[in-house]
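[1] have a look at this prediction, sequence included:
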Amino acid sequence: MSSKTLAWMVEYSVFALLVLVTWVWGSELDWDFADMDRLDVFPLLGLIAFVTMWWHFLVGFVRRLKPDYEKLEGLHLTSAYWVFAAFTLHPALFLSWGLQNGYGWSLYDLVDDYADDAKYPFVVLGLLSLIAFVLFDVARVLGRMAWAKRAWPFIDALSDIAFIGIWIHSLNLGQHLEEGWFRTFWLILGLSGICFIIYKRYRLSRDGKLGRPA
């Protein structure tokens, strides 16, 4: 397979992932959107955010294996916007629903009613992971500033850990991931993503690039 064909397949695979998670989400609702509210929409945003982030790790992995791989810069820039929007709107819709329905800012009570109190740590894990991703995006945008350069190794490692945190969060809270083939698929995504991260860490360490923004 030529590098160009491989790049085409990997780059556009993100759309297959987006179609897949949207199909799973829509099937759960029986494609009946007449009475859809924020609690119906916010799971889709979480699914979209995670599969897009996984795809970013996949592209990074393939690029390290194939130095002549050329990614589509426009697609990656656009995907950075939609994954950021999905990650931030996912909890925002959930919290706004709670505010509208009398829970105030008591996230614990909201989670207790929506799932159960045993799930609360996984909600906190998701929020901490979101903060790590926001910090990563800020550091990339401000990469020329001295503080961003100094903090980059820590921030980059933190974003890798956050990916794993989001995966654990989704496995324990995702209503579409409780059982069946889609949960198995999600397990494969997470485990392969961890492998991508391990290989990334190995290559960065080997090449002496741990302190440089990607």
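    Thanks, I have the structure now.
[2] list of residues touching stretch 106-126?
    For stretch 106-126, contacts defined as CB atoms under 8 Å, 6 or more residues apart in numbering pick out 39, 91, 94-95, 98, 103, 165-166, 168-170, 172-173. Every residue, glycine included, has its C-beta placed from N, CA and C.
[3] in that stretch, which residues are buried?
    107, 110, 111, 114, 120, 122, 123, 125, 126 (16 or more other CB atoms under 10 Å).
[4] now the helix or strand that residue 22 is a member of: average pLDDT?
    Per DSSP states H and E: residue 22 is located in helix 3-28. What helix 3-28 shows for mean pLDDT is 91.
[5] in a markdown table: the buried residues of stretch 106-126, plus secondary structure and distance to residue 204.
    As requested, these are exported to a markdown table (DSSP: H, G, I helix; E, B strand; the rest coil; distance: CB to CB, whole Å):
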| residue | secondary structure | distance to residue 204 |
| --- | --- | --- |
| 107 | helix | 36 |
| 110 | helix | 39 |
| 111 | helix | 37 |
| 114 | helix | 39 |
| 120 | helix | 35 |
| 122 | helix | 29 |
| 123 | helix | 31 |
| 125 | helix | 25 |
| 126 | helix | 26 |
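[6] turn the residues you listed into JSON lines, columns for pLDDT and distance to residue 60.
    As requested, these are arranged in JSON lines below (pLDDT from 0 to 100; distance: CB to CB, whole Å):
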{"residue": "107", "pLDDT": "82", "distance to residue 60": "33"}
{"residue": "110", "pLDDT": "84", "distance to residue 60": "35"}
{"residue": "111", "pLDDT": "84", "distance to residue 60": "33"}
{"residue": "114", "pLDDT": "80", "distance to residue 60": "34"}
{"residue": "120", "pLDDT": "89", "distance to residue 60": "33"}
{"residue": "122", "pLDDT": "92", "distance to residue 60": "26"}
{"residue": "123", "pLDDT": "92", "distance to residue 60": "28"}
{"residue": "125", "pLDDT": "94", "distance to residue 60": "23"}
{"residue": "126", "pLDDT": "92", "distance to residue 60": "23"}
